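Colleague: Sequence and computational prediction follow.
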Amino acid sequence: MSYFDAASAAPLHPVARQALLASLDEGWADPARPHREGRRARMLLDAAREAAAEAVGCRPDELVFTSSGTRAVHAGVTGALAGRRRAGRHLIVSAVEHSSVLHAAEAHEAGGGTVTEVAVGRTGAVDPAAYAAALRADTALACLQSANHEVGTEQPVAEVAEACRAAGVPLLVDAAQSLGWGPVAGDWSLLAASAHKWGGPSGVGLLVVRKGVRFAPQGPVDERESGRASGFENIPAIVAAAASLRAVRAEAAREARRLRELTDRIRTRVPRLVPDVEVVGDPVRRLPGIVTFSCLYVDGEALLHELDRSGFSVSSGSSCTSSTLVPSHVLKAMGVLSEGNVRVSLPPGTPAEEVERFLEVLPGAVAGVREKLGTPVPAAGARQGGGEVVVDAVGRRCPIPVIELAKVIGDVPIGGTVRVLADDEAARLDIPAWCEMREQEYVGEEPADRGTAYVVRRVS
């Protein structure tokens, strides 16, 4: 079985396993106690903090360990907003942040704060000028991920941090996906990350708050971790997290070159091997191990199951997966195709042979799913009226509305229109994306008695 879902959780690094087992016998005591066992535990905790701080590029007393990356994000956002309440209650986030950041923004807005969501381009990157324009006199905090978790696009953190610094606004960086590859550039103020993204154990996050940043921890607090992360520290897991971060950093330069070559191979060959595919994300400014593409006329969940049966564990941001009925907010913000989406994220050490085997298996898997759904041929049941073809796809999920559109577009004269009636949220994203791929004109959407009408004009 080939595990290609490292962006969700990287396999436990061998160094992490060794450190975890070795510290179980020494790191069980309360590090706040002055007895011998407590002192041993404190030594392990302090050493782990120093190692993690060195990897981040901060002072040890600026870094605390949390129970997860999500907890680090929430503590960072709420603490920074509370600490700067006198400045205002305005928060800035990008449209493609991890859900933990967006959930924190939703909670802030529900509590009376204001939120500005900065849009991204088709590669998934923000424009630093857009962040600068969003800054206001009452802005308390800005958030920006270092690299996107779904498509791998790296964000211009240094440029955004410079604009925030000039305005006197702290910038919180979610570095979960990138920290294993290197420190985050720029004059950022806060940083959050999660150990299971770089090969450490789950249940360990870290939060960095630079000296001089106004910060007021929220919720119940205690004496642990400078009052910024309550609860008894899981010292064996923290030691393993720090040890694995140091280990992956030592291997990062070599592995980055190797994995980038493998993902470049996938980016280049998939469109040649599989028709009607859109490769998404920035082709250059991206993480080494992530490549994402979307396939027209494919049910994302069915494709993932097919690849799983063929021995490949991959992920998807497709609206067709069983975990959600709406498109990935990242793909939606980018304005790219969401149906049949596949994210391949290679863990360090992935053999080139496994990538080659994936490229051999993928065309057959896509073809099989498309065959089950029906290839785009003239469809029965489409009705002609008023100079346009109407396709009724109400009650049918992605990718059926797009398939039905593709079936009838060839029967429409140049300049004619197709009105697709659909109530699946993915159609709002996938029909315009299909038009761009097929060089047809997307006229827009209109209210309808049943669902929403998406109007397409044939131009070629």
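Modeller: Perfect, thanks for sending it.
Colleague: What distance do you get for the nearest residue to Pro183 once chain neighbours are set aside to Arg260?
Modeller: Leaving aside its sequence neighbours, Pro183 sits nearest to Gly57 (Cβ to Cβ, 6 or more residues apart in numbering; 4.2 Å). For every residue, glycine as well, the C-beta is placed using N, CA and C. To Arg260, Gly57 is 23 Å away according to Cβ to Cβ, to the nearest Å.
Colleague: In terms of neighbours, single out the busier of these two.
Modeller: When Gly57 and Arg260 are compared for neighbours, Arg260 comes out ahead with 16 against 13, by other Cβ atoms under 10 Å.
Colleague: pLDDT score assigned to the more buried one?
Modeller: pLDDT recorded at Arg260 is 97.
Colleague: can you check the one 3 residues further on too?
Modeller: Per-residue confidence for Thr263 comes out at a pLDDT of 97.
Colleague: Can you point out the helix or strand that includes it?
Modeller: helix 235-273 (DSSP states H and E).
Colleague: how far does that helix sit from the chain's center?
Modeller: Taking Cα atoms, centre = their mean, to the nearest Å, the mean C-alpha location of helix 235-273 is offset from the chain mean by 16 Å.
Colleague: Give me the average confidence score over stretch 420-435.
Modeller: 88.
Colleague: Ok, stretch 13-25 next?
Modeller: Stretch 13-25 shows a mean pLDDT of 95.
Colleague: Tell me which residues of it come out buried.
Modeller: Neighbour counts using 16 or more other Cβ atoms under 10 Å place His13, Val15, Ala16, Ala19, Leu20, Ser23 of stretch 13-25 among the buried residues.
Colleague: which residues of the stretch 301-450 of the chain fall in strands?
Modeller: 312-313, 341-345, 383-385, 388-392, 417-422, 441-447 (DSSP state E, counting those that start in this stretch).
Colleague: I'd like to know which of these is closest to Val204.
Modeller: Val204 lies closest to strand 341-345 among the strands of the stretch 301-450 of the chain, at 20.0 Å (Cβ to Cβ).
Colleague: Now do the closest one and helix 235-273, the angle between them.
Modeller: Relative orientation of strand 341-345 versus helix 235-273 (axes from the mean of the first three to the mean of the last three Cα atoms, to 10 degrees): 130 degrees.
Colleague: From the chain's centroid, how far away is strand 341-345?
Modeller: That offset, for strand 341-345, works out to 11 Å (Cα atoms, centre = their mean).
Colleague: Only alpha carbons, please: show stretch 226-239 as CSV.
Modeller: The C-alpha coordinates for stretch 226-239 follow below in CSV (Å, rounded to 0.1, in the frame of the first residue of the first chain):
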residue,chain,number,x,y,z
SER,A,226,3.5,30.4,30.8
GLY,A,227,-0.3,30.4,31.2
ARG,A,228,-0.8,30.1,27.4
ALA,A,229,-1.6,26.4,27.2
SER,A,230,-3.4,24.8,30.2
GLY,A,231,-3.2,21.2,31.2
PHE,A,232,-0.5,18.6,32.1
GLU,A,233,2.2,18.5,29.4
ASN,A,234,2.6,15.2,27.5
ILE,A,235,6.3,15.2,27.8
PRO,A,236,7.1,12.0,25.9
ALA,A,237,5.1,13.2,22.9
ILE,A,238,6.6,16.7,23.1
VAL,A,239,10.1,15.2,23.2
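Colleague: Name the residues of it that are buried.
Modeller: Result for stretch 226-239 [16+ other Cβ under 10 Å]: buried residues Arg228, Ala229, Ser230, Glu233, Asn234, Ile235, Pro236, Ala237, Ile238, Val239.
Colleague: what sits up against it?
Modeller: By Cβ atoms under 8 Å, 6 or more residues apart in numbering, the surrounding residues in contact with stretch 226-239 are 19-20, 23-24, 27-28, 30-31, 41, 44-45, 47-48, 61, 64-67, 71-72, 75, 79, 195, 200-201, 203-204, 207, 209, 215, 217, 219-222, 224-225.
Colleague: Would you mind checking the average pLDDT for stretch 113-122?
Modeller: The model assigns stretch 113-122 a mean pLDDT of 97.
Colleague: Buried residues, it. List them.
Modeller: Residues of stretch 113-122 classed as buried: Gly113, Val115, Thr116, Glu117, Val118, Val120 (neighbour count, 16+ other Cβ under 10 Å).
Colleague: okay, these in CSV with secondary structure next?
Modeller: Converted to CSV, the buried residues of stretch 113-122 look like this (DSSP: H, G, I helix; E, B strand; the rest coil):
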residue, secondary structure
Gly113, coil
Val115, strand
Thr116, strand
Glu117, strand
Val118, strand
Val120, coil
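Colleague: Which of those residues sits closest to Glu278?
Modeller: Of all the buried residues of stretch 113-122, Val120 has the smallest distance to Glu278: 16.1 Å, by Cβ to Cβ.
Colleague: got the contact list for the closest one?
Modeller: Listed by Cβ under 8 Å, 6+ apart, the contact set of Val120 reads Ser94, Ala95, Val96, Val126, Ala333, Met334.
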